[in-house]
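# Pasting the sequence and the predicted coordinates here, then a few questions.
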Amino acid sequence: MSELAEEMMLDFMNGVESGITAAKERYKERKGLDKDRPTWDPDKIKWEEARGASGPYERSEDVNSTDFKSLLKDLVQHNGKLSKEGYFYWLFKNGTTIGRKKRGHGAA
């Protein structure tokens with residue numbers, strides 16, 4: 001095979017591979033299979049009412065919950081703070097307590 005034919009074949013294969021990768025990503029996004037998408041459900045975590053300097057909030061130390069562990073991991077990846085579905089979540093300095101508060105109510 002000539003050098004030009006080899007280059008053309010490699011360009012073609014790279015183009016096909018790129019198209020396949022883009023199609024897979026689009027499929028994962030539509031089906032909710034995006035690996036970066038949070039895998040935790042806050043309704044499956046035990047929350048306790050608490051009060052701080054900025055008013056009422058909820059806190060959790062539900063370390064036996066897989067959803068808590070996933071949220072904790074997500075918080076660590078986002079420097080200890082993130083928002084989801086109208087709530088602001090943060091990680092306390094002890095690294096094992098998570099707080100949450102409805103956005104727009106004095107959340108940090």
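Structure's in. What do you need? Numbers count the residues shown, from 1 in each chain.
# hey, let's count contacts and neighbours off CA atoms from now on
Will do.
# which of the residues in the lowest-mean-pLDDT helix or strand in the chain are buried?
In the chain, no helix or strand scores lower on mean pLDDT, DSSP states H and E than helix 3-31, which sits at a mean of 76. Counting neighbours by 16 or more other CA atoms under 10 Å, one finds that helix 3-31 has no buried residues.
# Confirm Leu75 sits in a helix?
Yes - under DSSP: H, G, I helix; E, B strand; the rest coil, Leu75 sits within a helix.
# any idea how far it lies from Glu61?
Distance from Leu75 to Glu61, counting by CA to CA, to the nearest Å: 14 Å.
# The closest residue to Thr66 other than its chain neighbours: how many residues sit nearby?
If you skip the residues right next to it in sequence, Thr66 has Trp40 as its closest partner in space, 7.8 Å away by CA to CA, 6 or more residues apart in numbering. The number of residues packed around Trp40, counting by other CA atoms under 10 Å, is 18.
# dump the residue contacts of Trp40.
66-68, 70-71 (CA atoms under 8 Å, 6 or more residues apart in numbering).
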